[in-house]
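Asks: next input, structure requested:
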Amino acid sequence: MAETTLRDARSEAEPLGHRRVLWEILRELSDVREAREDPDEASRLRAEAGRVVLEIAGTIDDEPLRTGFLARPELEAVLAAG
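Replies: Below is the predicted model of the structure:
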């Protein structure tokens, strides 16, 4: 089951501080919850992914690099949710 695999991946990524993969896991989990007609949980997961993305962006000192990172199309939904 996809959700179980994603939740297991999240459980491994969080304690190790793997934010780069964590936001993607959270985004995918939100898609799964959306497909299962759980919009509240989907929205919460997207918002959490957005917070992780902003944490990552906060560590990028180079302005053009940070701007480019935040402009990635796959970040649009999670940043809108945050």
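
Asks: contacts for the helix ranked longest in the chain, please.
Replies: Determined from DSSP state H, the single longest helix within the chain is helix 39-58. Contacts with helix 39-58, where a contact means CB atoms under 8 Å, 6 or more residues apart in numbering, come from 19-20, 22-24, 26-27, 29-31, 33-34, 66, 69-70, 75, 77-82. (Each C-beta comes from the backbone N, C-alpha and C, glycine too.)

Asks: can you select the buried ones from those in PyMOL?
Replies: Only the buried entries of the contacts of helix 39-58 go into this PyMOL selection, using 16 or more other CB atoms under 10 Å:
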select buried, resi 19+22+23+24+26+27+29+30+31+33+75+78+79+81
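
Asks: got a list of contacts for the helix or strand of the chain with the lowest mean pLDDT?
Replies: Counting by mean pLDDT, DSSP states H and E, the chain has its least confident helix or strand at helix 76-81, which shows a mean of 84. Residues outside helix 76-81 that contact it (CB under 8 Å, 6+ apart) are 23, 26-27, 30, 43, 46-47, 49-50, 53-54, 70.
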